[in-house]
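>>> give me a 3D structure for the following:
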Amino acid sequence: MEISNVHHVKHWGETIYPQLIEVYVLSGDVKFSYINVLFHGEETTLAALGAEAVYKQIPEVYWDSHEKVFAKQPEAVMHDDVWVTTEK
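Numbering: from 1, shown residues only. The predicted structure follows:
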């Protein structure tokens, strides 16, 4: 299970997550779950709501969508920098 906030998981998602999926999830040894943690205000709430909307409407594209959100995250984001908006 991953419990995360969008600001802190980009690096983990690009490095550790693929290895976990390959070694444990695809083998059937582990079931992976993701829980959003909303402690950086409106921006993380928007990202979480968007992710949940994708999952409810088209669950099979959830992880692709998740990865695209992290791909758009700036490399050196500060907690107060805004990069998720209703327009993006």
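>>> return the residues in contact with residue 55.
By Cβ atoms under 8 Å, 6 or more residues apart in numbering, the contact set of residue 55 is residue 62. (Each C-beta comes from the backbone N, C-alpha and C, glycine too.)
>>> kindly provide the distance from it to residue 48.
Using Cβ to Cβ, to the nearest Å, residue 55 is found at 11 Å from residue 48.
>>> same deal with residue 31?
Going from residue 31 to residue 48 by Cβ to Cβ gives 21 Å.
>>> comparing the two, which residue is more hemmed in?
Neighbours around residue 31 and residue 48, counted as other Cβ atoms under 10 Å, are more numerous at residue 48. The numbers are 17 against 8.
>>> once you drop chain neighbours, what's closest to the more buried one?
Take residue 48 and drop its neighbours on the chain: the residue closest to it by Cβ to Cβ, 6 or more residues apart in numbering is residue 36, 3.8 Å away.
>>> bridge partners for the one you found, pull those for me.
When assigned by DSSP bridges, residue 36 has beta-bridge partners residue 4.
>>> distance from the helix or strand containing residue 70 to the middle of the chain?
Residue 70 is located in helix 62-72, with elements delineated by DSSP states H and E. In this view, helix 62-72 has its centroid 6 Å away from the chain centroid, taken as Cα atoms, centre = their mean, to the nearest Å.
>>> before we move on, what about stretch 58-69?
Distance, stretch centre to chain centre, for stretch 58-69: 9 Å (Cα atoms, centre = their mean).
>>> how about stretch 63-75?
Relative to its parent chain, stretch 63-75 has a centroid offset of 7 Å by Cα atoms, centre = their mean.
>>> got the buried residues for it?
Residues of stretch 63-75 classed as buried by neighbour count (16 or more other Cβ atoms under 10 Å): 63, 66, 69-70, 73.
>>> between whichever helix in the chain runs longest and helix 62-72, how many degrees?
Assignment by DSSP state H gives helix 42-57 as the longest helix of the chain. Taking axes from the mean of the first three to the mean of the last three Cα atoms, to 10 degrees, one finds that helix 42-57 is oriented at 150 degrees with respect to helix 62-72.
>>> can you pull the buried residues of helix 42-57?
Buried positions in helix 42-57, judged by neighbour count with 16+ other Cβ under 10 Å: 43-44, 46-48, 50-51, 54-55.
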